[in-house]
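>>> predicted model and sequence below, questions to follow.
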Amino acid sequence: MKKGRMFMLAAAAALVVGGTIMTVQNKSLFTDGIFDLRSPREKQLTYLKKHEKDLADFVKALSPKVESVQFDWDSMEVGQVGNGTPQGGGYILTLNGRVNNIKETEFTLGVDLGDNANSIPKELGIYEMQPIRIYRDGGWYYYDEK
């Protein structure tokens, strides 16, 4: 009976120490660890927000007129890439946004997910899906056009 209590005490102490170490490292067992119960969409959105600066820098590099970038996080979608084969070319995550706080602007970025629609990227690969455009004079124009 004493051995059982000692074992339980040692196990509890190990859990407390392990939990403390995880907290100190700014990680949570429930969001980054073995008990991560977030949906694939929540994990993908968290990944994008962690890389918000990289995504914004990519958009800024598309046009010298871009000073700031605003993302529409609710626009995030996962879609299958078509490549002419029955199995497709994998999955891509798309995200819309605008530039310079101008409501009449928009763009779409893509981030490669590989072969699993529910995964997060192993490596950040950003693609321009739709160029930066602005709505004026009743139509959409490239942002850099006069």
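Sure, I can see it.
>>> just want to check the distance between the residue nearest the centre of the chain and residue 102.
Nearest to the geometric centre of the chain sits residue 48, at 2.2 Å (C-alpha atoms, centre = their mean). Remark: distance between residue 48 and residue 102 (C-beta to C-beta, to the nearest Å) = 22 Å. C-beta here means a position set from N, CA and C on the backbone, and glycine is covered the same way.
>>> if I look at residue 143, what pLDDT would I see?
With respect to pLDDT, residue 143 scores 93.
>>> doesn't residue 105 make contact with it?
Yes: Residue 143 lies in contact with residue 105 (C-beta atoms under 8 Å); the separation is 6.2 Å.
>>> common neighbours of those two, please.
99, 132, 133, 134 (C-beta atoms under 8 Å, 6 or more residues apart in numbering).
>>> after the lowest-mean-pLDDT helix or strand in the chain comes which helix or strand?
Taking mean pLDDT, DSSP states H and E as the measure, the chain has helix 2-24 as its least confident helix or strand, at a mean of 68. Toward the C-terminus, helix 2-24 is succeeded by helix 40-50 as the next helix or strand (DSSP states H and E).
>>> packing partners of that next one?
Counting contacts by 3 or more C-beta pairs under 8 Å, 6 or more residues apart in numbering; DSSP states H and E, helix 40-50 packs against strand 69-80, strand 91-99.
>>> export that helix as PDB, just CAs?
Taking C-alpha atoms only, helix 40-50 is exported to PDB below (Å, rounded to 0.1, in the frame of the first residue of the first chain):
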ATOM      1  CA  PRO A  40      -7.800  22.500 -37.900                       C
ATOM      2  CA  ARG A  41      -9.100  25.900 -38.900                       C
ATOM      3  CA  GLU A  42      -8.100  27.400 -35.600                       C
ATOM      4  CA  LYS A  43      -4.600  25.900 -35.900                       C
ATOM      5  CA  GLN A  44      -4.200  27.300 -39.400                       C
ATOM      6  CA  LEU A  45      -5.400  30.700 -38.400                       C
ATOM      7  CA  THR A  46      -3.000  30.700 -35.400                       C
ATOM      8  CA  TYR A  47      -0.200  29.800 -37.800                       C
ATOM      9  CA  LEU A  48      -1.100  32.700 -40.200                       C
ATOM     10  CA  LYS A  49      -1.300  35.200 -37.300                       C
ATOM     11  CA  LYS A  50       2.200  34.000 -36.100                       C
END
